[in-house]
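A.B. asks: 3D model of this:
(chains A and B)
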Amino acid sequence: MSANQTTQKIRSTSVFDVERIRADFPILKLKVNDKPLVYLDNAASSQMPQQVIDRLVYYQTKQHANIHRGVHYLSEVATSEFEEARRKLQRFINAKEDREVIFTSGTTEAINLVMHGYGRKFIGAGDEIILTTLEHHANIVPWQMLAEEKGAKIRVVPINDAGELLIDEYEKLFNDRTKFVGVTHVSNALGSINPIKEMIAFAHARGVPVLVDGAQAAPHTKIDVQDLNCDFYAFSGHKLCGPTGIGILYGRAALLESMQPFKGGGDMILSVTFEKTTYNTIPHKFEAGTPPISAAIGLGAAVDYLSAIGMDAIAAHELDLLKYATGQISSIAGVRVMGTAEHKAAVLSFAVDGVHPHDIGTLLNQEGIAVRTGHHCAQPVMQRLHVPATSRASFAFYNTMDEVDALIAGIRTVQKIFT
Amino acid sequence: MADYKSLYQEVILDHNKKPRNYGTIEHPSHHAVGHNPLCGDHITVDVVVDEGRINNIAFQGESCAICKASASMMTTSVKGKTREEAETLIQEFLAMATGKLSHENCPHIGRLAVFAGVSDLPTRVKCAILPWHTLNGAFNAVASTSTEAEEDPMHAPIGDA
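C.D. replies: Below you'll find the predicted structure:
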């Protein structure tokens, strides 16, 4: 291969061809209200490429049976594809071992698993759990339930006006009773990227384990759980171009082994008598009942798809979109961006003076533009910013600069209607 | 799907911008707070009923344009009417907004027919009916009402991921 050819090849893989990527997503060809769909609600759920759809169809057409049970052909194929999906997810987050990757129904169930499996065993009366103002309700409510049951206490890391965690305050919250930290990697409402690696190191120096809610981070940035050195990392398949009903809990093997099971049933046992049940080893100890096999395999195909594009290329394109959108929206009088953290994922929360977010959402929908309006399941953030709700545009790697322009034009139309 | 022109009409935008009967009444005979927990919107409705007739009514709150205009037009529609007449109108409005009756089949609905288009927007129906639920709550001495109450016939959760 000549030097010239090498350069050519590098160029062809490094240029981000968004139109070619869009061709993989059949849903992006839809029209909504006679306008081309502009899908900017990716933080709620992302769309699925044909490659993942095809994988689901193939599994359902040629490979389906229950797993870990039968000795027949299909059961063996399904089991092997399911466990291969686990290994794909292991590589995607760089976990040390595949048994550290547990399939759950999503981020919410993953956090609840840790609350029941770890929290109920190791957190007691008077103990303290540190959470942050930026948490999604899914990383608040389970811990409140635990605190109420055990008489434990929740301490909350505050944020500044830009939506950044106050790390000095975080460090001051630690004391002898601190037993657990739960922190979101990326804020779903504001897009702030939290300095979790430093926060984990600080907690570990005090012997405190850390759970990271990675629901908003895993789709947009390379995750390396060994580099982060986190104890638990939770994320969802459907925000990652995969199916709904599937998610991942990464847990450090030693911790997972020390925990009690979350749900009882088949597959999570080695032997059962009415006198005594012996639990299965990890990860199966935490996967009671028949899992969503096709969804797990579909998620495996989704991370293959994302890895082929490259998480770094995805992150770079999304950052370009965010910078462009932030610049454009800031030039509109009467529009305020909520969440101006220095390190941000491609989430743009905004308020338009004199117009309620629900009216913005309905009017943008008339232009074919899908945004999220409301409190984003993060009411503490809304209270801190003194707003009941915001409108949120959240970008994925398949979004384009033209779609940002459509959003900006849509906001101007909304303003025109309300003046 | 309704075009926004059929929902965000001039009359609705005008009532949103300049809501009528906006505020509170010092000694209401009936009072209730309405709340939509899904979007955080809340309004209060104060009513003075004297010898079966609505002598005064006021509302106040934080809400979207649809909810605020609906509340404003509700107050102008029921002011001076008997409680029975207002209750008939509440039922007609709820039936129209939820698509159970077309506005042609609501004999008392009048210019409130501008809200008929909301029945095509399932996520916005609750915005339009919140004031009417709250007025109904005030009449029936339910101090606090919610669009998510279990007995609420309009119960239909809005996606909230």
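
A.B. asks: from here on, contacts and neighbour counts on C-alpha atoms
C.D. replies: Noted.

A.B. asks: can you give the contact residues for the helix or strand hosting A:Glu109?
C.D. replies: Counting by DSSP states H and E, the element that carries A:Glu109 is helix A:107-114. Outside of helix A:107-114, the residues that reach it under the criterion CA atoms under 8 Å, 6 or more residues apart in numbering or on different chains are A:104, A:138-139, A:142, A:213-215, A:234-236, A:247-249, A:262.

A.B. asks: check stretch A:402-409 too.
C.D. replies: Applying CA under 8 Å, 6+ apart, the contact partners of stretch A:402-409 are A:Val38, A:Leu321, A:Tyr324, A:Ala325, A:Gln328, A:Ile329, A:Leu364, A:Ile369.

A.B. asks: and with 10 Å instead?
C.D. replies: By CA atoms under 10 Å, 6 or more residues apart in numbering or on different chains, the surrounding residues in contact with stretch A:402-409 are A:36-40, A:321-322, A:324-326, A:328-332, A:364, A:367-371, A:393, A:395, A:400-401, A:410-415.

A.B. asks: circling back: mind checking which of the contacts of helix A:107-114 are in helices?
C.D. replies: Those of the contacts of helix A:107-114 mapping onto helices are A:Pro142, per DSSP state H.

A.B. asks: what about the closest residue to chain B within the stretch 1-150 of chain A, how many residues nearby?
C.D. replies: When distances are taken as CA to the nearest CA, the stretch 1-150 of chain A reaches nearest to chain B at A:Ala44, 5.7 Å away. Other residues lying near A:Ala44 total 19 when counted by other CA atoms under 10 Å in any protein chain shown.

A.B. asks: cool, and the one 10 residues further on?
C.D. replies: When neighbours are defined as other CA under 10 Å, A:Asp54 has 13 of them.

A.B. asks: my guess is it meets A:Ala301, correct?
C.D. replies: Yes: the pair A:Asp54 and A:Ala301 passes the contact test of CA atoms under 10 Å, sitting 9.4 Å apart.

A.B. asks: tell me how far B:Ser72 lies from A:Val337.
C.D. replies: B:Ser72 sits 30 Å away from A:Val337 when distances are taken as CA to CA, to the nearest Å.

A.B. asks: what residues does the stretch 101-250 of chain A put near chain B?
C.D. replies: Residues of the stretch 101-250 of chain A lying near chain B by CA under 10 Å from any CA of the partner chain: A:His136, A:His137, A:Ala138.

A.B. asks: make a ChimeraX selection of the buried ones in the residues you listed.
C.D. replies: What follows is the ChimeraX syntax for the buried subset of those, where burial is set by 16 or more other CA atoms under 10 Å in any protein chain shown:
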select /A:136,137,138
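
A.B. asks: turn the residues of the stretch 101-250 of chain A next to chain B into CSV, including pLDDT.
C.D. replies: Compiled in CSV, these are given as follows (pLDDT from 0 to 100):
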residue, pLDDT
A:His136, 97
A:His137, 95
A:Ala138, 97
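
A.B. asks: hang on, B:Gly34 packs against B:Ala71?
C.D. replies: No: with contact taken as CA under 10 Å, B:Gly34 and B:Ala71 are classed as non-touching, separated by 11.1 Å.

A.B. asks: more neighbours: which of those two?
C.D. replies: The neighbour count for B:Gly34 versus B:Ala71, taken as other CA under 10 Å, is higher for B:Ala71 (34 against 25).

A.B. asks: point me to the residue of chain B nearest chain A.
C.D. replies: For chain B, the residue positioned closest to chain A under CA to the nearest CA is B:Cys64, at a distance of 4.8 Å.

A.B. asks: my guess is that residue meets A:Asp359, correct?
C.D. replies: Yes: taking contact to mean CA under 10 Å, the distance of 6.3 Å between B:Cys64 and A:Asp359 places them in contact.

A.B. asks: what about the strands in chain B?
C.D. replies: Assignment of strands within chain B using DSSP state E yields the ranges B:30-36, B:41-50, B:53-62, B:144-146.

A.B. asks: give the contact list for A:Thr133.
C.D. replies: Counting by CA under 10 Å, 6+ apart, A:Thr133 touches A:140, A:155-159, A:163-165, A:183-184, A:187, A:378-384.

A.B. asks: for B:Val125, state which of the residues of the stretch 101-250 of chain A next to chain B is nearest.
C.D. replies: For B:Val125, the nearest member of these is A:His137. The distance, counting by CA to CA, is 25.3 Å.

A.B. asks: the closest one and B:Ala116, how far apart?
C.D. replies: Counting by CA to CA - A:His137 and B:Ala116 are separated by 35 Å.

A.B. asks: so what's the residue count around A:Gly70?
C.D. replies: Around A:Gly70 there are 12 other residues, counting by other CA under 10 Å.

A.B. asks: report the secondary structure state of the residue nearest to it when sequence neighbours are not counted.
C.D. replies: Beyond its immediate neighbours in the sequence, the residue positioned closest to A:Gly70 (CA to CA, 6 or more residues apart in numbering or on different chains) is A:Glu76, lying 7.2 Å away. Following DSSP: H, G, I helix; E, B strand; the rest coil, we place A:Glu76 in the helix state.

A.B. asks: pLDDT score for A:Glu76?
C.D. replies: In the predicted model, A:Glu76 carries a pLDDT score of 95.

A.B. asks: ok, it - contacts?
C.D. replies: By CA under 10 Å, 6+ apart, the residues touching A:Glu76 are A:Gln63, A:His64, A:Ala65, A:Asn66, A:Ile67, A:His68, A:Arg69, A:Gly70, A:Phe82.

A.B. asks: so B:Lys18 is in contact with B:Ser72, correct?
C.D. replies: Yes: between B:Lys18 and B:Ser72 there is a contact at 8.7 Å, judged by CA under 10 Å.

A.B. asks: for the stretch 151-300 of chain A, which segments count as strands?
C.D. replies: Residue ranges of the strands in the stretch 151-300 of chain A, as given by DSSP state E, counting those that start in this stretch, are A:153-157, A:178-184, A:210-213, A:232-236, A:247-251, A:269-272, A:277-279.

A.B. asks: with distance to B:Glu87 added, can I get those in CSV?
C.D. replies: Listed next are the strands of the stretch 151-300 of chain A as CSV, based on distance: least, CA to CA, whole Å:
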stretch, distance to B:Glu87
strand A:153-157, 47
strand A:178-184, 49
strand A:210-213, 49
strand A:232-236, 47
strand A:247-251, 49
strand A:269-272, 60
strand A:277-279, 61
